[in-house]
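> Fold the following for me, if possible:
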Amino acid sequence: MLSKYHKKLSAIDSRIFSTQPASIPALFKDIPLDVFAELSLQEQTEYPNIRSFLPAMAGEEIQRKCTGSTGRRLLNKSVAFVNTVVNYHQRYSEKELVRCNLLDFGCGWGRLIRLFYKYIPQAQIYGVDAWQESLDISLNLGVKANLGKTKEICTSLPFADVTFDIAISFSVFTHLTKRVGDAALSAIRKRIDSNGLLVITIRPVHYWRAVKHIKNLPVEDLITRHNQDGFAFFPTQPAPPNGREVTFGAASMTLHYIEQEWCDWKVIDSVKNQVEPFQRVVLLAPA
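Numbering: from 1, shown residues only. Next up is the predicted model:
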(Lines give C-alpha, C1' and ligand atoms only; values in the text may rest on other atoms or scores of the structure.)
Protein backbone atom coordinates (compact mmCIF):
# COMPACT_ATOMS: atom_id res chain seq x y z
CA MET A 1 0.00 0.00 0.00
CA LEU A 2 2.82 2.41 0.85
CA SER A 3 4.61 1.79 -2.44
CA LYS A 4 1.77 3.38 -4.39
CA TYR A 5 2.48 6.68 -2.58
CA HIS A 6 6.25 6.31 -2.41
CA LYS A 7 7.05 9.53 -4.29
CA LYS A 8 4.73 11.65 -2.13
CA LEU A 9 5.83 9.98 1.10
CA SER A 10 9.50 10.48 0.24
CA ALA A 11 8.84 14.19 -0.34
CA ILE A 12 7.01 14.44 2.98
CA ASP A 13 9.79 12.57 4.74
CA SER A 14 12.35 15.08 3.51
CA ARG A 15 10.26 18.07 4.61
CA ILE A 16 8.46 17.05 7.78
CA PHE A 17 11.03 18.32 10.29
CA SER A 18 11.50 21.64 8.49
CA THR A 19 7.74 22.24 8.39
CA GLN A 20 5.99 24.33 11.02
CA PRO A 21 3.83 22.09 13.25
CA ALA A 22 0.64 23.90 12.23
CA SER A 23 1.36 23.11 8.57
CA ILE A 24 2.11 19.39 8.95
CA PRO A 25 -1.49 18.24 8.20
CA ALA A 26 -1.20 19.96 4.82
CA LEU A 27 1.74 17.69 3.96
CA PHE A 28 -0.53 14.65 4.26
CA LYS A 29 -3.48 16.15 2.40
CA ASP A 30 -3.18 13.74 -0.53
CA ILE A 31 -2.36 10.69 1.59
CA PRO A 32 -5.46 8.54 2.37
CA LEU A 33 -6.11 7.83 6.03
CA ASP A 34 -5.55 4.08 5.69
CA VAL A 35 -2.12 4.76 4.16
CA PHE A 36 -1.32 7.28 6.89
CA ALA A 37 -2.34 4.66 9.46
CA GLU A 38 -0.09 2.10 7.80
CA LEU A 39 2.89 4.34 8.49
CA SER A 40 2.06 4.12 12.17
CA LEU A 41 1.65 0.36 12.16
CA GLN A 42 4.73 -0.74 10.27
CA GLU A 43 8.21 -0.71 11.68
CA GLN A 44 9.35 0.68 8.36
CA THR A 45 12.71 2.35 7.78
CA GLU A 46 12.05 3.79 4.33
CA TYR A 47 10.57 7.01 5.76
CA PRO A 48 12.60 7.50 8.97
CA ASN A 49 11.56 11.10 9.58
CA ILE A 50 7.86 10.27 9.35
CA ARG A 51 8.51 7.30 11.63
CA SER A 52 10.17 9.62 14.16
CA PHE A 53 7.29 12.08 13.92
CA LEU A 54 4.64 9.45 14.66
CA PRO A 55 4.27 7.89 18.13
CA ALA A 56 5.31 4.30 18.64
CA MET A 57 2.57 1.68 18.74
CA ALA A 58 1.66 0.11 22.06
CA GLY A 59 2.70 -3.49 22.53
CA GLU A 60 0.22 -6.25 21.77
CA GLU A 61 -0.48 -6.91 25.46
CA ILE A 62 -1.48 -3.28 26.06
CA GLN A 63 -3.55 -3.16 22.86
CA ARG A 64 -5.43 -6.32 23.79
CA LYS A 65 -5.95 -5.25 27.41
CA CYS A 66 -7.37 -1.86 26.42
CA THR A 67 -9.40 -2.80 23.34
CA GLY A 68 -9.59 -6.57 22.95
CA SER A 69 -7.89 -6.31 19.53
CA THR A 70 -4.37 -5.88 18.23
CA GLY A 71 -2.38 -4.97 15.16
CA ARG A 72 -4.04 -4.47 11.80
CA ARG A 73 -7.48 -5.53 13.04
CA LEU A 74 -7.43 -2.82 15.70
CA LEU A 75 -6.02 -0.31 13.24
CA ASN A 76 -8.89 -0.99 10.83
CA LYS A 77 -11.39 -0.30 13.63
CA SER A 78 -9.62 2.94 14.46
CA VAL A 79 -9.52 4.05 10.82
CA ALA A 80 -13.23 3.29 10.38
CA PHE A 81 -14.16 5.44 13.37
CA VAL A 82 -11.90 8.35 12.41
CA ASN A 83 -13.26 8.27 8.85
CA THR A 84 -16.79 8.52 10.28
CA VAL A 85 -15.79 11.48 12.47
CA VAL A 86 -14.18 13.27 9.52
CA ASN A 87 -17.20 12.60 7.28
CA TYR A 88 -19.57 13.87 9.96
CA HIS A 89 -17.52 17.03 10.36
CA GLN A 90 -17.44 17.70 6.63
CA ARG A 91 -21.20 17.21 6.44
CA TYR A 92 -22.32 19.15 9.51
CA SER A 93 -19.67 21.80 10.24
CA GLU A 94 -18.56 24.83 8.28
CA LYS A 95 -15.26 25.17 10.13
CA GLU A 96 -12.16 23.73 8.50
CA LEU A 97 -10.96 20.65 10.33
CA VAL A 98 -7.40 21.98 10.44
CA ARG A 99 -8.64 24.93 12.54
CA CYS A 100 -10.55 22.78 15.05
CA ASN A 101 -9.73 21.93 18.63
CA LEU A 102 -10.31 18.20 19.14
CA LEU A 103 -10.96 16.46 22.47
CA ASP A 104 -10.52 12.69 22.80
CA PHE A 105 -12.47 11.83 25.96
CA GLY A 106 -11.06 8.54 27.25
CA CYS A 107 -8.01 8.69 25.01
CA GLY A 108 -6.29 5.61 26.45
CA TRP A 109 -2.84 5.13 24.93
CA GLY A 110 -3.56 7.54 22.07
CA ARG A 111 -4.56 5.11 19.32
CA LEU A 112 -7.04 7.60 17.80
CA ILE A 113 -5.09 10.77 18.54
CA ARG A 114 -2.23 9.69 16.27
CA LEU A 115 -4.59 9.27 13.30
CA PHE A 116 -5.90 12.81 13.68
CA TYR A 117 -2.37 14.13 13.06
CA LYS A 118 -3.31 13.83 9.39
CA TYR A 119 -6.01 16.47 9.83
CA ILE A 120 -5.30 18.63 12.88
CA PRO A 121 -2.10 20.21 14.26
CA GLN A 122 -0.89 18.46 17.39
CA ALA A 123 -1.20 21.63 19.47
CA GLN A 124 -4.96 21.58 18.85
CA ILE A 125 -5.46 17.98 19.93
CA TYR A 126 -6.41 17.24 23.55
CA GLY A 127 -6.83 13.92 25.31
CA VAL A 128 -8.14 13.06 28.75
CA ASP A 129 -8.41 9.81 30.65
CA ALA A 130 -9.36 8.80 34.18
CA TRP A 131 -6.51 6.29 34.36
CA GLN A 132 -3.05 7.75 34.92
CA GLU A 133 -1.51 4.51 33.64
CA SER A 134 -3.03 5.13 30.20
CA LEU A 135 -1.69 8.69 30.08
CA ASP A 136 1.77 7.49 31.16
CA ILE A 137 1.75 4.91 28.37
CA SER A 138 0.78 7.62 25.86
CA LEU A 139 3.67 9.81 26.97
CA ASN A 140 6.13 6.91 26.86
CA LEU A 141 5.02 6.09 23.31
CA GLY A 142 5.67 9.69 22.23
CA VAL A 143 2.07 10.79 21.75
CA LYS A 144 2.18 14.51 21.02
CA ALA A 145 -0.98 16.18 22.31
CA ASN A 146 -2.27 18.08 25.31
CA LEU A 147 -2.97 15.32 27.82
CA GLY A 148 -4.79 15.60 31.13
CA LYS A 149 -6.30 13.42 33.83
CA THR A 150 -9.94 13.45 34.93
CA LYS A 151 -11.61 11.96 37.96
CA GLU A 152 -13.48 8.67 37.57
CA ILE A 153 -16.67 10.67 38.00
CA CYS A 154 -15.75 13.52 35.68
CA THR A 155 -17.46 16.79 36.58
CA SER A 156 -14.96 19.10 34.87
CA LEU A 157 -12.28 19.02 32.21
CA PRO A 158 -8.71 20.34 32.30
CA PHE A 159 -7.44 22.93 29.79
CA ALA A 160 -9.75 25.57 31.27
CA ASP A 161 -9.35 28.17 28.53
CA VAL A 162 -10.04 25.81 25.63
CA THR A 163 -13.34 25.37 23.79
CA PHE A 164 -13.64 22.24 21.67
CA ASP A 165 -15.05 22.09 18.15
CA ILE A 166 -15.07 18.29 18.10
CA ALA A 167 -15.17 15.82 20.96
CA ILE A 168 -14.88 12.08 20.40
CA SER A 169 -15.36 9.20 22.81
CA PHE A 170 -14.89 5.71 21.39
CA SER A 171 -16.06 2.80 23.57
CA VAL A 172 -16.28 4.92 26.72
CA PHE A 173 -20.01 5.38 27.28
CA THR A 174 -20.24 1.64 26.55
CA HIS A 175 -18.60 1.12 29.98
CA LEU A 176 -20.09 3.79 32.25
CA THR A 177 -22.95 3.77 34.74
CA LYS A 178 -25.77 6.22 34.18
CA ARG A 179 -24.50 8.67 36.81
CA VAL A 180 -20.92 8.57 35.60
CA GLY A 181 -21.98 8.94 31.96
CA ASP A 182 -24.28 11.86 32.78
CA ALA A 183 -21.46 13.62 34.64
CA ALA A 184 -19.09 13.19 31.70
CA LEU A 185 -21.66 14.52 29.24
CA SER A 186 -22.23 17.57 31.41
CA ALA A 187 -18.50 18.26 31.65
CA ILE A 188 -18.09 18.01 27.86
CA ARG A 189 -21.18 20.15 27.23
CA LYS A 190 -19.72 23.01 29.27
CA ARG A 191 -16.68 23.13 27.00
CA ILE A 192 -18.06 22.32 23.57
CA ASP A 193 -18.50 25.15 21.09
CA SER A 194 -22.10 26.10 20.35
CA ASN A 195 -21.53 24.76 16.81
CA GLY A 196 -19.43 21.84 17.98
CA LEU A 197 -19.96 18.11 17.51
CA LEU A 198 -19.67 15.15 19.87
CA VAL A 199 -19.13 11.68 18.38
CA ILE A 200 -19.54 8.68 20.68
CA THR A 201 -20.22 4.97 20.42
CA ILE A 202 -22.93 2.95 22.18
CA ARG A 203 -23.74 -0.76 22.45
CA PRO A 204 -26.92 -2.23 20.90
CA VAL A 205 -29.07 -4.75 22.77
CA HIS A 206 -27.73 -7.75 20.83
CA TYR A 207 -24.33 -7.08 22.38
CA TRP A 208 -25.46 -8.93 25.52
CA ARG A 209 -26.00 -12.23 23.70
CA ALA A 210 -22.59 -11.96 22.05
CA VAL A 211 -20.58 -11.35 25.24
CA LYS A 212 -18.32 -14.29 26.02
CA HIS A 213 -15.69 -12.89 28.41
CA ILE A 214 -17.90 -11.68 31.29
CA LYS A 215 -18.70 -14.31 33.91
CA ASN A 216 -22.15 -14.69 35.50
CA LEU A 217 -23.71 -12.27 33.07
CA PRO A 218 -27.53 -12.10 33.53
CA VAL A 219 -28.18 -11.84 29.82
CA GLU A 220 -31.98 -12.01 29.81
CA ASP A 221 -32.28 -9.51 32.65
CA LEU A 222 -29.98 -7.04 30.86
CA ILE A 223 -31.94 -7.40 27.62
CA THR A 224 -35.17 -6.75 29.51
CA ARG A 225 -33.71 -3.66 31.16
CA HIS A 226 -32.41 -2.39 27.84
CA ASN A 227 -35.78 -2.84 26.16
CA GLN A 228 -37.79 -1.38 29.04
CA ASP A 229 -35.52 1.45 30.21
CA GLY A 230 -33.36 2.04 27.15
CA PHE A 231 -30.25 1.48 29.27
CA ALA A 232 -28.59 -1.55 30.87
CA PHE A 233 -25.37 -1.80 32.88
CA PHE A 234 -23.40 -4.66 34.38
CA PRO A 235 -20.28 -4.16 36.55
CA THR A 236 -17.32 -6.14 35.28
CA GLN A 237 -15.08 -5.56 38.29
CA PRO A 238 -15.49 -6.31 42.00
CA ALA A 239 -17.17 -3.64 44.10
CA PRO A 240 -14.62 -1.03 45.23
CA PRO A 241 -13.64 -1.02 48.92
CA ASN A 242 -14.95 1.42 51.53
CA GLY A 243 -18.36 1.65 49.89
CA ARG A 244 -17.04 3.50 46.84
CA GLU A 245 -19.31 3.67 43.84
CA VAL A 246 -18.98 1.25 40.93
CA THR A 247 -18.09 3.36 37.91
CA PHE A 248 -16.99 0.89 35.23
CA GLY A 249 -18.49 -2.13 33.50
CA ALA A 250 -20.44 -2.90 30.34
CA ALA A 251 -23.39 -0.81 29.17
CA SER A 252 -25.90 -0.68 26.34
CA MET A 253 -28.42 2.00 25.42
CA THR A 254 -30.92 3.04 22.77
CA LEU A 255 -31.11 6.19 20.69
CA HIS A 256 -34.50 6.88 22.26
CA TYR A 257 -32.87 6.82 25.69
CA ILE A 258 -30.32 9.40 24.55
CA GLU A 259 -33.02 11.64 23.09
CA GLN A 260 -35.08 11.45 26.29
CA GLU A 261 -32.34 11.59 28.93
CA TRP A 262 -29.54 13.72 27.50
CA CYS A 263 -31.42 16.99 27.42
CA ASP A 264 -28.35 19.15 26.76
CA TRP A 265 -27.70 17.31 23.50
CA LYS A 266 -29.58 16.49 20.33
CA VAL A 267 -29.00 13.45 18.13
CA ILE A 268 -27.98 14.51 14.62
CA ASP A 269 -27.11 11.17 13.07
CA SER A 270 -26.27 7.58 13.84
CA VAL A 271 -24.56 4.81 11.88
CA LYS A 272 -23.39 1.26 12.44
CA ASN A 273 -19.64 0.84 12.71
CA GLN A 274 -18.76 -1.14 9.59
CA VAL A 275 -15.94 -3.14 11.16
CA GLU A 276 -17.26 -3.51 14.72
CA PRO A 277 -20.94 -4.49 14.84
CA PHE A 278 -21.28 -3.93 18.59
CA GLN A 279 -20.30 -0.26 18.42
CA ARG A 280 -22.90 2.13 17.02
CA VAL A 281 -21.58 5.62 16.24
CA VAL A 282 -23.79 8.51 17.35
CA LEU A 283 -23.36 12.16 16.38
CA LEU A 284 -24.55 14.74 18.90
CA ALA A 285 -24.71 18.53 18.90
CA PRO A 286 -25.41 20.96 21.76
CA ALA A 287 -29.15 21.39 22.25
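> can we go C-alpha only for contacts and neighbour counts from here?
OK.
> Ignoring the adjacent residues along the chain, who's closest to residue 123?
Leaving out its chain neighbours, the residue that sits closest to residue 123 by CA to CA, 6 or more residues apart in numbering is residue 145, at 6.1 Å.
> Now the terminal residues of stretch 2-19, how far apart.
Taking CA to CA, to the nearest Å, stretch 2-19 runs 22 Å from one end to the other.
> before we move on, what about stretch 241-257?
Using CA to CA, the two ends of stretch 241-257 sit 31 Å apart.
> List the residues that contact the residue nearest to residue 123.
Taking CA atoms under 8 Å, 6 or more residues apart in numbering, we find residue 145 in contact with 113, 122, 123, 124, 125, 126, 127.
> Check what pLDDT the fourth one gets.
Just to be clear, that refers to residue 124. Note for residue 124: predicted pLDDT of 98.
> Please go through this structure and pick out the longest strand.
Identified as the longest strand of the chain according to DSSP state E is strand 192-202.
> Can you give the distance of that strand from its chain's centre?
In terms of CA atoms, centre = their mean, to the nearest Å, the centre of strand 192-202 is found 12 Å from the chain centre.
> Return the set of buried residues in whichever helix or strand comes after it.
Using DSSP states H and E, the helix or strand that follows strand 192-202 in sequence is helix 207-210. Applying a neighbour-count criterion of 16 or more other CA atoms under 10 Å, one finds 207, 208 buried in helix 207-210.
> Give me the distance from the following helix or strand past helix 207-210 to the chain's centre.
Remark: after helix 207-210, the chain's next helix or strand is helix 219-229, criterion DSSP H and E. In this view, helix 219-229 has its centroid 27 Å away from the chain centroid, taken as CA atoms, centre = their mean.
> low-confidence ranges in the stretch 51-200 of the chain?
Regions of the stretch 51-200 of the chain meeting the criterion pLDDT under 70 are absent.
> now the helices for it?
Using DSSP state H, counting those that start in this stretch, the helices of the stretch 51-200 of the chain run over 60-67, 71-92, 113-116, 132-141, 178-191.
> Identify the residue nearest the geometric centre of this structure.
The centroid of the chain falls nearest to residue 170 when counting by CA atoms, centre = their mean (3.8 Å).
> how close does it sit to residue 276?
The gap separating residue 170 from residue 276 is 12 Å, by CA to CA.
> Run through the residues that contact residue 69.
Contact partners of residue 69, counting by CA under 8 Å, 6+ apart, are residue 63.
> now residue 134
Taking CA under 8 Å, 6+ apart, one finds 108, 109 in contact with residue 134.
> and with 10 Å instead?
Residues near residue 134 by CA atoms under 10 Å, 6 or more residues apart in numbering: 62, 66, 106, 107, 108, 109, 110, 128, 140, 149.
> what's the spacing between it and residue 284?
Using CA to CA, we find residue 134 at a distance of 26 Å from residue 284.
> Next: residue 212.
Distance, residue 212 to residue 284, by CA to CA: 31 Å.
> So if I had to pick from these two, which one is more boxed in?
Ranked by neighbour count (other CA atoms under 10 Å), residue 212 and residue 284 place residue 284 first, with 22 against 8.
> Hmm, residue 103 is touching residue 163, no?
Yes - if you go by CA atoms under 10 Å, residue 103 and residue 163 touch, sitting 9.3 Å apart.
> Now do the contacts for residue 235.
Neighbour list for residue 235: 175, 176, 177, 214, 217, 246, 247, 248, 249, 250, 251 [criterion: CA under 10 Å, 6+ apart].
> now do residue 146
103, 122, 123, 124, 125, 126, 127, 128, 158, 159.
> The third one - how many residues pack around it?
Spelled out, it's residue 123. With neighbours defined by other CA under 10 Å, the count for residue 123 comes to 14.
> okay but it is in contact with residue 20, surely?
No - Residue 123 is not in contact with residue 20 according to CA under 10 Å; the separation is 11.4 Å.
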